[in-house]
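J.: Okay, sequence plus prediction incoming.
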Amino acid sequence: MDDTDSSADYKNSVLDEFRVNWQRELQVQNEAVQQSVQVEQTTPGLHDIEAQAKAESFYRTAVDLEQRGKVYDALAFYRKATQIVPDIEFKFYEQQKQLNYDANKMLHNLPNDFNKQLDLSTNDNKEDIQLIAGLYEKFQSDLSSEEIYAGKMLINSRDASVISTSHNTHISDLPPEIVMHILRWVVSSQLDMVSLEQFSAVCKGCYIYGRDEELWRLACVKVWGHNVGTLDGTEDGLSYGSWREMFIRRDRVLFSGCYISKTTYLRMGENSFQDQFYRPLQLVEYYRYIRFLPDGKVLMVTSADEPAQGVNKLKQLYTSRPDVLRGRYRLFGNIVTLILQKSQSSRPTVQRHRRGSIMPGDEESNNSQYVIELRIMNTAKRQFGQLVWTKYTLVQRRNKIETSSEFDLTVAKYPPLWFSPVKSYHLDADAPLT
């Protein structure tokens, strides 16, 4: 029995030792595999380096073609570069950023004598190299100096030697007068200046067209009318460098949407017929919508509908709704004055003569007008994006006697109106800007 037990113990010890050695070898192999994977991930292989270099070559070629105006040819090289390395644009940007940083660092670390010589050499060429202030002057200089434009504002990026079967005229072949007439329709009588700015961001020629002073002057006249003044001085005592600057900086109302305010208050309900001591407390919420039009007209409606549905009531300009107040407005500095009255029905009112004959009613003898003054304010997110109540008066005329009553403007009852853009307001162009 003793010999059997000793032999069994020996076999178990040998087996345990084999298992320990085997696990140690497996652990060493796993660590070696992990280290090799990390090395491969941190150090790209030869194939990856060649692919990235090829993608950079395609990307540089595309950038060069785009700068020369050959956009269609550049797209093919952009596509090839992104197919090889999808994020080649970001890698190329980081590479150029690092190169610029290294160059500036090297220039900063140069000896003082070399820096002085460099300053002297640049001072000699200051007359030849002049910094042009503003993109407008810079783009004008580029269009006049580059041979590729040949005196044109816009150029066709397609190869002229390729015969095209299309009979459509390219926009670069249009005279400047036709392009400006098209831009008058883009802006339209609704003053869609956002679309004009988007057009200006296309290229250098479009930028020059979009900065035409006559377009922006007509827009200013459309907004301020006879009070537009001149660039040297306006009624608010300010001067502007251009008509575009006046349109951007001067206080005005926005036309690409409507101003909305929400009023909430508590109201006591009627006594219950079952319990005379119980009176319900009702929460009342309603919205006030004001839409300004470039031709001096204004629409206002008070409704319990949410903004998603309420703005549709002011979409149609020529339909008479009994709940819509119509009128005109005028700008005085940062104050906008509104004169509103209820929409009249299409059916004329009649009144009977004392002898029984019917005669047309005098609609102007009995009417009600709402005179509102609002102060234009800027918000953190939008310029001219808030209107604050300063005066609200109801003027009633009955039997040629005029009475007026002024409302108490509390923040709870008359909160500020906040501008909200509405895309559907500028979908159609009624007439060009004139």
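T.: Cool, got the structure.

J.: Ile182 versus the closest residue to Ser189 other than its chain neighbours, what's the distance?
T.: When the adjacent residues along the chain are set aside, Ser189 lies closest to Ala431, with 4.5 Å between them (CB to CB, 6 or more residues apart in numbering). In this view, the C-beta of every residue, glycine as well, is placed from N, C-alpha and C. Distance from Ala431 to Ile182, counting by CB to CB, to the nearest Å: 14 Å.

J.: thought Glu66 was touching Phe77?
T.: No - with contacts counted by CB atoms under 8 Å, Glu66 stays clear of Phe77, the gap being 9.2 Å.

J.: Show me where this structure dips below the pLDDT cut-off.
T.: Scanning the chain with the threshold set as pLDDT under 70 gives 1-11, 32-47, 101-133, 142-153, 155-168, 271-279, 319, 343-366, 427.

J.: Pick out the residue nearest the middle of it.
T.: Here the mean C-alpha position of the chain is nearest to the C-alpha of Val194 (CA atoms, centre = their mean), at a distance of 7.4 Å.

J.: That one against Phe255, yeah?
T.: No - in this structure, Val194 is not within contact of Phe255 by CB under 8 Å, at 10.0 Å.

J.: and Glu245, what helix or strand is that in?
T.: When elements are defined using DSSP states H and E, Glu245 is found to belong to helix 243-249.

J.: helix or strand right after that helix?
T.: Proceeding C-terminally, helix 243-249 gives way to strand 257-268 as the next helix or strand, assigned by DSSP H and E.

J.: Tell me which residues are up against that following strand.
T.: Residues external to strand 257-268 that are found in contact with it (CB atoms under 8 Å, 6 or more residues apart in numbering): 253, 279-292, 307, 310-311, 314, 387, 412-422, 425.

J.: Give the pairing partners of it; include direction for each.
T.: Sheet partners assigned to strand 257-268 using DSSP bridges are listed as strand 281-292 (antiparallel), strand 417-421 (antiparallel).

J.: For the last one, which outside residues touch it?
T.: The one in question is strand 417-421. For strand 417-421, using CB under 8 Å, 6+ apart, the contacting residues are 254, 256-261, 288, 290, 307, 311, 374, 379, 382, 384-387.

J.: ok, now with 7 Å
T.: When contacts are taken as CB atoms under 7 Å, 6 or more residues apart in numbering, the neighbours of strand 417-421 outside the stretch itself are 254, 256-261, 288, 290, 307, 382, 385-387.

J.: Return the closest of these with respect to Leu338.
T.: Comparing the contacts of strand 417-421 against Leu338 with CB to CB places Ile290 closest, at 7.7 Å.

J.: circling back: now list the buried members of the contacts of strand 417-421.
T.: Taking 16 or more other CB atoms under 10 Å as the criterion, what is buried in those is 254, 256-261, 288, 290, 385-387.

J.: From the residues you listed, pick the one nearest Val14.
T.: Gly385 (85.8 Å).

J.: for the chain, what spans make up the strands?
T.: Chain-ordered strands for the chain, with DSSP state E as the definition, fall at 257-268, 281-292, 297-303, 324-332, 335-342, 350-352, 358-360, 367-377, 386-398, 401-406, 417-421.

J.: nearest to Gln95, of these?
T.: strand 417-421 (39.6 Å).

J.: in that closest one, what's buried?
T.: Buried-residue list, strand 417-421, by 16+ other CB under 10 Å: 417-420.

J.: and the two most separated of these?
T.: Put simply, by CB to CB the two of the buried residues of strand 417-421 set farthest apart are Leu417 and Ser420, 9.5 Å from each other.

J.: From Leu231, how far off is Gln140?
T.: Gln140 sits 20 Å away from Leu231, going by CB to CB.

J.: Pull out the buried residues from the contacts of strand 257-268.
T.: Of the members of the contacts of strand 257-268, the ones counted as buried by neighbours, 16+ other CB under 10 Å, are 253, 287-292, 310-311, 314, 387, 414, 416-420, 422, 425.

J.: ok, the closest residue to Pro432 other than its chain neighbours - how many residues close by?
T.: In space, not counting the residues next to it along the chain, Pro432 is nearest to Arg184; the distance is 3.9 Å by CB to CB, 6+ apart. Neighbours of Arg184 under the rule other CB atoms under 10 Å: 19.
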